[in-house]
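Enquirer: What shape does this take:
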Amino acid sequence: MDLVSPQSNPNNFPSPILGSNLVANTVTVTPTSTTATPPASTTPSRYENQKRRDWNTFCQYLRNHRPPLSLSMCSGAHVLELLRYLDQFGKTKVHNQTCPFFGLPNPPAPCPCPLRQAWGSLDALIGRLRAAYEEHGGRPEGNPFGARAVRIFLREVRDFQAKARGVSYEKKRKRPKQNAAPPPAAQPLAPPLPPPSLADATAASK
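Expert: Sure thing, here's the model as predicted:
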């Protein structure tokens with residue numbers, strides 16, 4: 001889920017977290033072989049691209065805040081403010097308790113209940129921003145996206161949407177694999193014949 005930004009391109013601004021100065025040193029390397037090693041693929045994954053977009057737009061959200069916020073001043077309360085702001089752009093029908101379709105997973109008719117951000121989208125968004133915060137130099141113990149108030153908010157959204165939509169967000173437990181019974185032992189086709197006795201050999205010689 002992309003964060004909503006008033007800017008047309010939210011990627012053209014720096015992160016507010018201060019980073020270390022990088023110094024480029026020139027190193028002369030003497031080639032030992034004429035065979036060049038091809039560079040490894042550096043194409044970012046879909047998750048990394050989404051995380052970068054969410055982080056850049058969040059930084060723009062801080063800039064547009066009134067009064068403007070620095071990342072060091074951002075708290076769990078500001079994260080909740082952001083989530084409530086994003087709720088108006090949701091596409092998931094969440095029935096009110098007074099709606100006759102409350103708790104029905106497949107309503108038979110339309111209703112005027114509002115569209116909200118789905119719990120799964122909000123939970124994934126917070127996970128990406130929480131990781132991006134620490135990747136940009138933020139301390140894990142001061143991560144506003146991992147604040148207790150944010151976790152409680154997400155849990156309440158999950159529980160209410162599960163009741164309102166008549167769905168379950170509980171993860172299905174994997175059933176343990178049952179050990180297969182060993183195959184039955186192969187039965188002999190016929191019992192072995194007993195060895196001939198001395199009397200049988202004498203009778204056969206007559």
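
Enquirer: pLDDT score for residue 118?
Expert: For residue 118, the pLDDT comes out at 94.

Enquirer: Show the residue spans covered by the strands in this structure.
Expert: Taking DSSP state E, the strands of the chain run over residues 92-93, 115-116.

Enquirer: Show me what the first one is packed up against.
Expert: Pointing back at strand 92-93 there. strand 115-116, helix 148-165 (3 or more CB pairs under 8 Å, 6 or more residues apart in numbering; DSSP states H and E). The C-beta positions use only the backbone N, C-alpha and C, and glycine is treated the same way.

Enquirer: so where is the protein shaky, pLDDT-wise?
Expert: Residues of the chain meeting the criterion pLDDT under 70: 1-41, 170-206.

Enquirer: switch to 90 and redo it
Expert: For the chain, the stretches flagged by pLDDT under 90 are 1-44, 57, 65-73, 105-107, 137-138, 165-206.

Enquirer: Tell me which of the helices and strands packed on strand 92-93 lies nearest to residue 80.
Expert: Taking CB to CB, helix 148-165 is the member of the helices and strands packed on strand 92-93 nearest to residue 80, at 5.7 Å.

Enquirer: ok, and for that closest one, which residues are buried?
Expert: Buried residues in helix 148-165, counting neighbours by 16 or more other CB atoms under 10 Å, are found at 150, 153-154, 157-158, 161, 164-165.

Enquirer: Generate TSV for those, with distance to residue 122 as supplementary columns.
Expert: Output for the buried residues of helix 148-165, formatted as TSV (distance: CB to CB, whole Å):
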residue	distance to residue 122
150	10
153	9
154	6
157	6
158	9
161	10
164	15
165	14
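
Enquirer: Great, nothing more from me.
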